[in-house]
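Q: this one's structure only:
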């Protein structure tokens, strides 16, 4: 299995490349932090939640940070697909699975780093989670599952995108996905027609799980729903990526 | 198995939708030989290389590299080939050394081996000073050399060079030729594609002329030149009318023409008697031909004559 050997080498490459793309790295760090400050200090006063608003909003910010960070995978994959490097890898018997798995791995590591930084700023501005070690671990676990799933979805999108610009368009779309959910505003304050979507879209169970686990509140079966969503997204993307990669490399 | 040719294809064909790119390519390249696939854009050069490098499946025909079938035995083929494409397939945001080490690791060299091999190749390709600079800062020529080096981390048996100097300035092209020349001297089999006759003449042992998805001529540069004619008589006519008349008189014998400059060429053996009789035939009144020149046939003549590309468009 040469792909299994190539995977870590290419993941290292992916990590190096994304650490050197300063613009993208800064945006993926600054954007969530700025949005967090915006929500906490500007909108927060007007939004009524059960806890401190900062405590309510941080899980949503974390999700936003991860989904945007993961969606950058689409750009990286699209870049590789539109330049000659894929041909070279294929002529060396390094196939699509290794390349895509490497992109997902690099994205996961990168996002863990940015999650840690966002969390540090959150703690600085008054985020006070009550969870014990198990709660932290479980919350982090859900977040990692989400990052992996979202990176895999983005990798598949990167295979569809004809240009890197098209792939960047996807990151923009992803940035808006957390808003119609319970990320920043309780769902029951939204108009009735939006409830159905906001309550059942994947972002909601993930945010609710992370929030509940970090704040040591009862979460019911929410984490399982969240993990099920992540599993479905991951499997669907992996299943689609095979034929998509072959279609692009005929 | 060593007497098997390095590359052998039979009736290779490929279509994309309704466009037929290859119409039956037969090639045979001996071990250690350098073959140039020469042809205009769209002749099928890149498609041929892609099939041979296992990137594209042929619709029909067979291709074997060092005895391995490119479809059934793709993995074995990939172990013995290296491909350098039209655009440099290296990561801009990695340094030259990082790119090479990565390629070496992908070829399953250990970390220390990869480091050593990368250093050797950087030295050999005159990139040692730029080893730790990002490729984004490299010139076009440096990128091509790095790209070529990336293909050589493990010594391949067959090297494919797809238009190795397209888009390079003359000085970088010279440098690339030198590097490729050194590579071919090591006895590796090379198949290169090019649009430049000079390049094919200079680097290859043998040339296969590709046009419209077919091999239209094959041989050494000298053999191909002989197939056209030893020499060309080029004339500039005094007026457009004279030009049209000469064109009419010579018909299919015209090998090149440029109506804007009222110039045309015909094949000749180069002897004074033949040149004189041609001039007399075209210009019995001695008023139509303004000037003439006799020159030895070049590969350009071969190219234009045998590919039958629109002579007008090709200029000359």
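A: In hand now; what should we look at? On a predicted model such as this, the values are computed, not experimentally measured, just so you know. Numbers count the residues shown, from 1 in each chain, chains lettered A, B, ... in the order given.
Q: would you tell me which residues of chain A are close to chain B?
A: Residues of chain A lying close to chain B (C-beta under 8 Å from any C-beta of the partner chain) are A:2, A:5-6, A:9-10, A:12-13, A:16-17, A:20-21, A:83-85, A:87-94, A:249-250. Any C-beta I mention is one placed from the backbone N, CA and C, and that applies to glycine too.
Q: rerun that using 6 Å as the cut-off
A: Within chain A, the positions near chain B by C-beta under 6 Å from any C-beta of the partner chain are A:6, A:9, A:13, A:17, A:20, A:84-85, A:87-88, A:90-94.
Q: contacts only, for the spatially most central residue of chain B.
A: With the centre of chain B defined as its mean C-alpha position, the nearest residue by C-alpha atoms, centre = their mean is residue B:194, 2.4 Å away. With contact taken as C-beta atoms under 6 Å, 6 or more residues apart in numbering or on different chains, residue B:194 is in contact with B:36, B:38, B:200.
Q: now, these that are in strands?
A: Counted as lying in strands by DSSP state E, out of the contacts of residue B:194, are B:36, B:38.
Q: so which of the contacts of residue B:194 wins on neighbours?
A: Tallying neighbours with other C-beta atoms under 10 Å in any protein chain shown puts residue B:38 at the head of the contacts of residue B:194, with 30 neighbours.
Q: that residue bridge partners, please.
A: Beta-bridge partners of residue B:38, counted by DSSP bridges, are residue B:194, residue B:209.
Q: and it, how close does it get to chain A?
A: From residue B:38 over to chain A the distance is 22 Å, taken as C-beta to the nearest C-beta, to the nearest Å.
Q: got the contact list for stretch B:163-174?
A: B:86, B:140-141, B:176, B:193.
Q: who touches the residue in chain B positioned nearest to chain A in this structure?
A: Of all residues in chain B, residue B:89 sits closest to chain A, at 3.4 Å by C-beta to the nearest C-beta. Contact analysis of residue B:89 by C-beta under 6 Å, 6+ apart lists A:84-85, A:88.
Q: from the residues you listed, which is closest to chain B?
A: Proximity of the contacts of residue B:89 to chain B (C-beta to the nearest C-beta) peaks at residue A:84, which lies at 3.4 Å.
Q: ok, and the closest non-adjacent residue to that closest one?
A: Nearest non-adjacent residue to residue A:84, counting by C-beta to C-beta, 6 or more residues apart in numbering or on different chains: residue B:89, 3.4 Å away.
Q: so residue A:207 makes contact with residue A:63?
A: Yes. Between residue A:207 and residue A:63 there is a contact at 5.3 Å, judged by C-beta atoms under 6 Å.
Q: can you map out the helices along chain A?
A: A:2-20, A:22-38, A:53-82, A:85-91, A:96-124, A:133-160, A:164-176, A:192-200, A:203-214, A:222-248 (DSSP state H).
Q: which SS state does residue B:112 fall under?
A: Put simply, residue B:112 is helix when judged by DSSP: H, G, I helix; E, B strand; the rest coil.
Q: that one: neighbour count?
A: Count around residue B:112 with other C-beta under 10 Å applied: 8.
Q: where's it relative to residue B:100, distance?
A: 14 Å (C-beta to C-beta, to the nearest Å).
Q: what of residue B:168?
A: 20 Å.
Q: ok, residue B:11 next?
A: 38 Å.
Q: residue ranges with poor pLDDT in chain A?
A: Within chain A, the segments meeting pLDDT under 70 span A:1-2.
Q: center of it - which residue?
A: Nearest to the mean C-alpha position of chain A, by C-alpha atoms, centre = their mean, lies residue A:67 at 2.7 Å.
Q: kindly provide the distance from that residue to chain B.
A: Applying C-beta to the nearest C-beta to residue A:67 and chain B gives a distance of 24 Å.
Q: ok so, going back, need the max-distance pair from the residues of chain A next to chain B.
A: Pairwise distances across the residues of chain A next to chain B (C-beta to C-beta) peak at 26.9 Å, for the pair A:20 and A:93.
Q: returning to what we had before: out of the contacts of residue B:194, which comes closest to residue B:240?
A: Closest to residue B:240, out of all of the contacts of residue B:194 and judged by C-beta to C-beta, is residue B:38, at 34.0 Å.
Q: which residues are in contact with that closest one?
A: Going by C-beta under 6 Å, 6+ apart, the list of residues near residue B:38 reads B:194, B:200, B:207, B:209.
Q: leaving out sequence neighbours, find the closest residue to residue A:216.
A: Spatially, and ignoring its direct neighbours in sequence, residue A:216 is nearest to residue A:130 (4.3 Å; C-beta to C-beta, 6+ apart).
Q: next, the residue nearest to residue A:84: secondary structure please.
A: coil.
Q: can you check the pLDDT for it?
A: Here the pLDDT value assigned to residue B:89 is 84.
Q: how about the residues of chain B by chain A?
A: So chain B meets chain A at B:53, B:55, B:75, B:78, B:83, B:85, B:87, B:89, B:93, B:102, B:105-106 (C-beta under 6 Å from any C-beta).
Q: among these, which ones are buried?
A: B:53, B:55, B:78, B:83, B:85, B:87, B:89, B:93, B:102, B:105-106 (16 or more other C-beta atoms under 10 Å in any protein chain shown).
Q: enumerate every residue touching the residue of chain A positioned farthest from its centre.
A: The C-alpha centroid of chain A is most remote from residue A:91, which lies 31.8 Å away (C-alpha atoms, centre = their mean). When contacts are counted by C-beta under 6 Å, 6+ apart, residue A:91 touches B:53, B:83.
Q: now do the one 4 residues further on
A: The neighbours of residue A:95, taking C-beta under 6 Å, 6+ apart as the test, are residue A:3.
Q: quickly note the distance from it to chain B.
A: Relative to chain B, residue A:95 is positioned 10 Å away (criterion: C-beta to the nearest C-beta).
Q: go on, residue A:145?
A: Taking C-beta to the nearest C-beta, one finds residue A:145 at 29 Å from chain B.
Q: for that residue, grab the count of nearby residues.
A: Neighbours of residue A:145 using other C-beta under 10 Å come to 21.
Q: likewise for the one 10 residues further on?
A: Each residue near residue A:155 was counted by other C-beta under 10 Å, and the total is 29.
Q: residue furthest from the geometric center of chain B?
A: Distance-from-mean max, chain B, by C-alpha atoms, centre = their mean: residue B:285 at 44.3 Å.
Q: what secondary structure does that one sit in?
A: Going by three-state DSSP: residue B:285 is coil.
Q: ramachandran angles for it?
A: In terms of degrees, to the nearest 10, the main-chain angles of residue B:285 are phi -80, psi 0.
Q: next: residue B:292.
A: Torsion angles, degrees, to the nearest 10, at residue B:292: phi -150, psi 160.
Q: check what pLDDT the closest residue to it other than its chain neighbours gets.
A: Distance criterion C-beta to C-beta, 6+ apart; nearest residue to residue B:292, sequence neighbours excluded, is residue B:235 at 4.5 Å. As predicted, residue B:235 sits at a pLDDT of 92.
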